[in-house]
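Undergrad: Quick one, what's the 3D model for this:
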Amino acid sequence: MDSSSEGPSLEQPSVQRMTRLRPLQQWLALVVLSLLFAGALELAALPAALLIGPMLAAILAGTNGATVRVPRALFSSAQAVVGCLVANSISVDIFPVFYAEWALFFGTVVATLTASSLLGWLISRWRILPATTAVWGSSPGAATAMVLMAGAFGADQRLVAFMQYLRVIFVSVTAALVAKMWVDTSGVEVPPIIWFPPIDPLAFGATLGIAVVGGLLGKLLRLPSPFFLGTFIFGAVIHLGFSVPMQLPPWLLAVSYAMVGWSIGLNFTRPILRHAARALPQIIASIVALIAFCGGMAFVISRVLGIDPLTAYLATSPGGMDSVAIIAAAAQNVDISFVMALQSARFLVVLLVGPSVAKLVARNVID
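TA: Below is the predicted model of the structure:
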């Protein structure tokens with residue numbers, strides 16, 4: 001939605017509140033708000049708090065007239081760090097499991113991707129959101145990756161982020177509630193975050209090198225979202241092919257998440273926020289429908305193949321891979337290798353074919 005077409009309104013004076021502050025004061029306010037939001041989300045045990053917190057703070061600042069923007073070099077660097085994180089999260093341990101159950105994995109991933117694409121198509125067909133934005137926002141899993149790549153394919157990153165992270169929260173909370181039906185996880189504590197661990201010169205140096213070389217290769221090859229996608233591809237090859245270790249200390253991830261969250265949130269305007277709010281019921285309905293569809297697949301897999309119901313549910317859960325891993329680790333009879341193999345398989349397929357599917361579905365929407 002083009003905010004320039006809104007014209008003067010009674011809201012204009014209030015929107016300009018932050019413009020009265022100097023840039024340094026705006027950044028200070030943004031940092032303080034980000035810490036408050038991220039801290040509150042962490043206390044509530046909600047997923048992706050370090051990214052969603054700064055993004056919410058930036059939305060609040062952006063819709064109140066903030067003029068500061070994240071420098072392009074910092075945003076590109078943050079994308080490269082996220083690319084390293086995604087590459088490092090892929091383990092060779094999943095391949096034997098994937099090989100043994102490839103038909104099941106392939107069918108489940110294709111079914112999930114088809115269902116999410118259909119939901120995105122319906123949202124766009126009913127003119128709730130633009131076609132490309134609806135499809136990218138509905139893609140299952142790889143939320144941060146989808147947001148970073150969406151802009152390169154003509155989607156509105158702000159609305160894609162709104163849809164993706166709302167789904168992550170819904171899916172993670174639902175998975176936690178379902179898990180409590182099978183196992184008591186109240187006594188399980190998440191290990192405290194060590195923000196400044198000792199730096200391994202070799203692993204940390206390799207991480208920085210992969211980020212720089214991957215980003216440059218992405219630009220050279222003219223990949224969409226080159227700093228993220230180039231680093232992910234190069235990092236995955238180096239990590240899996242040559243067993244090169246990477247180190248991503250929490251402070252570096254926190255800063256990178258903040259850069260991504262701020263870059264998206266500061267571009268929100270009040271008209272965009274109102275548009276997102278109007279679409280909220282339909283977006284929530286599509287999220288619930290996707291969760292129910294994946295739950296149905298889990299039921300079939302459990303009954304037909306005799307797999308533990310909780311294992312099947314967590315494996316097919318559409319997103320929130322980090323949260324699913326924590327929940328799976330808390331349940332003693334869950335097959336963690338099966339859960340993470342299926343989650344990782346869908347993650348890779350969405351990354352590889354997501355852009356093509358989004359373009360195909362968007363092309364078939366009749367305006």
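
Undergrad: Where do the domain boundaries of the chain fall?
TA: Using automatic domain parsing, the domain ranges for the chain come out as 14-68+101-186+249-363, 71-91+197-248.

Undergrad: lowest-confidence stretch among those?
TA: For the domains of the chain, mean pLDDT drops lowest on domain 14-68+101-186+249-363, to a mean of 85.

Undergrad: before we move on, back to that, with mean neighbour count as extra columns, can I get the domains of the chain in TSV?
TA: Placement of C-beta: from N, CA and C, glycine included. Output for the domains of the chain, formatted as TSV (neighbours: other Cβ atoms under 10 Å):
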stretch	mean neighbour count
domain 14-68+101-186+249-363	20
domain 71-91+197-248	19
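
Undergrad: all helices of the stretch 1-150 of the chain, in order?
TA: 12-15, 23-43, 49-62, 72-89, 94-100, 102-125, 131-138, 143-150 (DSSP state H, counting those that start in this stretch).

Undergrad: In terms of secondary structure, what does the last one contact?
TA: Same thing as helix 143-150. If you count contacts as 3 or more Cβ pairs under 8 Å, 6 or more residues apart in numbering; DSSP states H and E, helix 143-150 packs onto helix 72-89, helix 131-138, helix 157-182, helix 226-242, helix 250-265, helix 336-363.

Undergrad: Which residues are in contact with residue 56?
TA: 37, 261, 265 (Cβ atoms under 8 Å, 6 or more residues apart in numbering).

Undergrad: ok, so of the residues you listed, who is nearest residue 123?
TA: Closest approach between those and residue 123, by Cβ to Cβ: residue 265, at 22.2 Å.

Undergrad: which residues does that closest one contact?
TA: By Cβ under 8 Å, 6+ apart, residue 265 lies in contact with 54-62, 158.

Undergrad: try it again with 6 Å
TA: 55, 58-59, 62 (Cβ atoms under 6 Å, 6 or more residues apart in numbering).

Undergrad: Distance of the spatially closest residue to residue 170 that is not a sequence neighbour relative to residue 41?
TA: Beyond its immediate neighbours in the sequence, the residue positioned closest to residue 170 (Cβ to Cβ, 6 or more residues apart in numbering) is residue 287, lying 5.0 Å away. According to Cβ to Cβ, to the nearest Å, residue 287 stands 18 Å off from residue 41.

Undergrad: Work out which residue lies at the spatial centre of the chain.
TA: Nearest to the mean C-alpha position of the chain, counting by Cα atoms, centre = their mean, stands residue 143 at 1.9 Å.

Undergrad: what separates residue 117 from residue 286, distance-wise?
TA: Counting by Cβ to Cβ, the gap from residue 117 to residue 286 is 11 Å.

Undergrad: Then residue 248?
TA: 32 Å.

Undergrad: cool, residue 66 as well?
TA: Counting by Cβ to Cβ, the gap from residue 66 to residue 286 is 31 Å.

Undergrad: longest helix of the chain?
TA: If you go by DSSP state H, the chain has its longest helix at helix 270-305.

Undergrad: Could you check how far that one is from the centre of its chain?
TA: 15 Å (Cα atoms, centre = their mean, to the nearest Å).

Undergrad: Tell me the helices and strands packed up against that helix.
TA: helix 102-125, helix 157-182, helix 309-316 (3 or more Cβ pairs under 6 Å, 6 or more residues apart in numbering; DSSP states H and E).

Undergrad: elements contacting the longest one?
TA: Secondary structure elements in contact with helix 157-182, counted by 3+ Cβ pairs under 6 Å, 6+ apart, are helix 131-138, helix 143-150, helix 250-265, helix 270-305, helix 321-330.

Undergrad: one more time with 10 Å
TA: Judged by 3 or more Cβ pairs under 10 Å, 6 or more residues apart in numbering; DSSP states H and E, helix 157-182 is in contact with helix 49-62, helix 102-125, helix 131-138, helix 143-150, helix 250-265, helix 270-305, helix 309-316, helix 321-330.

Undergrad: Make TSV from those and add distance to residue 179 to it.
TA: Output for the helices and strands packed on helix 157-182, formatted as TSV (distance: least, Cβ to Cβ, whole Å):
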stretch	distance to residue 179
helix 49-62	20
helix 102-125	19
helix 131-138	25
helix 143-150	20
helix 250-265	25
helix 270-305	12
helix 309-316	6
helix 321-330	5
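
Undergrad: out of these, nearest to residue 178?
TA: Nearest to residue 178, of all the helices and strands packed on helix 157-182, is helix 309-316, at 5.7 Å by Cβ to Cβ.
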